[in-house]
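**Student:** How does the following fold in three dimensions:
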Amino acid sequence: MSELLVRVHQRKEEADGICSFELVPDQDAALPPFTAGAHIDVHVAPGLIRQYSLCNDPAEIARYRIAVLREPASRGGSAGMHERVHVGDRIRVGAPRNHFPLAPAQRSLLLAGGIGVTPMLAMAHTLHRAGSAFEMHYCGRSLHRMAFVDELMRSPFAAQVQVHTDDGAPEQRFNAEQVLAQPDAATHLYVCGPSGFMDHVLDTARRLGWPDDRLHREYFAGAVTATENDAPFDVRVASRGLVLRVPANQRVIDVLAAHGVDVPVSCESGVCGTCLTRVLEGTPDHRDSYLTDSERQANDQFMPCCSRAHSPLLVLDL
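**Tutor:** Residues are numbered from 1 along each chain as shown. Prediction:
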């Protein structure tokens, strides 16, 4: 994975608990281009890498902008960004990658919950510039906790944006049934935000007849990776014939690493797709937030950073 050195040109408090960082090239290096929905890996500290969506207009080639919500239960990423990254600092980032791209469509429906607004900003800019029809709904608990509201209201596509707050008047609150009531073949839906918000949107959409191939989502938090009923199982590294035991309290990725089997990792929570590994035999117990339902049903790939096995043995294409 290619990396580059960038400098923090601007840091801004966008809302309670949300800080944006404008990143520019260090010296004369050019920034790789990106598309709406893309994210970058940010090296917050040695050995600590986190993914953040690029939220500026992809037409802007001289900067990247990310926004970070400080999580109360931070594992070091969001707290590190808020506490240790300041204007003038140089940090390493990965080249943009996009697991949440816009699909060709006559109309797009963008649904953002909280910090999930970040990829939607880039999408709205892209769709507006292309002259494509779209509608955006931005939902949050209250305005003081929602980043970029003023920016959206001043944008050239402000008329296509609706803001919904839990503490506002009842008539402006987000109504998924109403917004999703008329699925049509020309519209694709994009949703990003807290898992509860996303599950509500996706469950409602499916119930109202939206097909899965027109539902696009990106989670910011990983799935639950351990339960009281976890059982040990074996993995076989196909290239070596090496069979390894995965105890109930260990991850596949850690067992592999302990025996010299190197699999690239990044988020370590089943969100980014970096460690996606092909499965040759066996049935995975999928616990990621990355694969689609149809990809999970195929059972031919899994995320060893968080997923386990339903079968006694998984044979991995490693």
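**Student:** Only C-alpha atoms from now on, for both contacts and neighbour counts.
**Tutor:** Will do.
**Student:** Show me where this structure has its helices.
**Tutor:** 77-84, 117-130, 149-154, 176-179, 195-207, 252-258, 293-298 (DSSP state H).
**Student:** which strands and helices sit next to the first one?
**Tutor:** Read it as helix 77-84. strand 39-45, strand 48-53, strand 64-69 (3 or more CA pairs under 8 Å, 6 or more residues apart in numbering; DSSP states H and E).
**Student:** what's the most buried one of those strands?
**Tutor:** strand 64-69 (a mean of 24; mean count of other CA atoms under 10 Å).
**Student:** Give the bridge partners for Val6, please.
**Tutor:** Val6 has the following beta-bridge partners by DSSP bridges: Pro25, Ile91.
**Student:** thought it was touching Arg92?
**Tutor:** Yes - at 6.2 Å, Val6 counts as touching Arg92 under the criterion of CA atoms under 8 Å.
**Student:** Could I get the helices of the chain in TSV, plus columns for mean neighbour count and mean pLDDT?
**Tutor:** Output for the helices of the chain, formatted as TSV (neighbours: other CA atoms under 10 Å; pLDDT from 0 to 100):
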stretch	mean neighbour count	mean pLDDT
helix 77-84	17	86
helix 117-130	22	98
helix 149-154	15	96
helix 176-179	13	96
helix 195-207	16	93
helix 252-258	16	91
helix 293-298	12	86
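**Student:** Compare Val6 and Arg92 (neighbour count), which wins?
**Tutor:** Shown here are Val6 and Arg92; by other CA atoms under 10 Å, Val6 has more neighbours (23 against 16).
**Student:** if we can go back for a sec, kindly reformat the helices of the chain as CSV containing distance to Ile61.
**Tutor:** Listed next are the helices of the chain as CSV, based on distance: least, CA to CA, whole Å:
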stretch, distance to Ile61
helix 77-84, 23
helix 117-130, 13
helix 149-154, 19
helix 176-179, 34
helix 195-207, 31
helix 252-258, 36
helix 293-298, 34
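**Student:** so which of these gets nearest Asp166?
**Tutor:** Proximity to Asp166 (CA to CA) singles out helix 195-207 among the helices of the chain, at 12.3 Å.
**Student:** Kindly state the pLDDT recorded for Gly222?
**Tutor:** Gly222 carries a pLDDT value of 52.
**Student:** where does the chain have low pLDDT?
**Tutor:** Low-confidence segments of the chain (pLDDT under 70): 1, 73-76, 220-228.
**Student:** Now with 50, please.
**Tutor:** 1, 223-224 (pLDDT under 50).
**Student:** coming back round to it: figure out which of the helices and strands packed on helix 77-84 is closest to Phe174.
**Tutor:** Phe174 lies closest, by CA to CA, to one member of those: strand 64-69, at 21.7 Å.
**Student:** What's the end-to-end length of stretch 167-174?
**Tutor:** 11 Å (CA to CA, to the nearest Å).
**Student:** actually stretch 12-20, not the one I typed
**Tutor:** Its start and end residues considered, stretch 12-20 measures 5 Å (CA to CA).
**Student:** Need the residues that contact it.
**Tutor:** With contacts defined as CA atoms under 8 Å, 6 or more residues apart in numbering, stretch 12-20 is touched by 11, 21, 65-70, 82, 144-148.
**Student:** Can I get those residues in a markdown table including distance to Val279?
**Tutor:** Formatted as a markdown table, the contacts of stretch 12-20 follow (distance: CA to CA, whole Å):
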| residue | distance to Val279 |
| --- | --- |
| Arg11 | 43 |
| Phe21 | 38 |
| Arg65 | 36 |
| Ile66 | 34 |
| Ala67 | 35 |
| Val68 | 34 |
| Leu69 | 35 |
| Arg70 | 36 |
| His82 | 38 |
| His144 | 46 |
| Arg145 | 42 |
| Met146 | 41 |
| Ala147 | 40 |
| Phe148 | 42 |
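**Student:** and the nearest residue to Asp254 once chain neighbours are set aside, what does it touch?
**Tutor:** Sequence neighbours aside, Cys305 is the residue nearest to Asp254 in space, at 7.9 Å (criterion: CA to CA, 6 or more residues apart in numbering). Residues near Cys305 by CA under 8 Å, 6+ apart: Arg251, Val252, Ile253, Asp254, Val265, Glu268, Ser269, Gly270, Cys275.
**Student:** Name the nearest of those residues relative to Gly282.
**Tutor:** Gly282 lies nearest to Val252 out of the contacts of Cys305, by CA to CA, at 14.3 Å.
**Student:** That closest one contacts Ala309, correct?
**Tutor:** No - contact criterion CA under 8 Å: Val252 and Ala309 do not qualify, at 9.7 Å.
**Student:** Just give the number of residues close to Glu171.
**Tutor:** 8.
**Student:** oh sorry, the question was meant for Arg278
**Tutor:** 15.
**Student:** do you know how far it is from Gly37?
**Tutor:** Separation of Arg278 from Gly37 (CA to CA): 25 Å.
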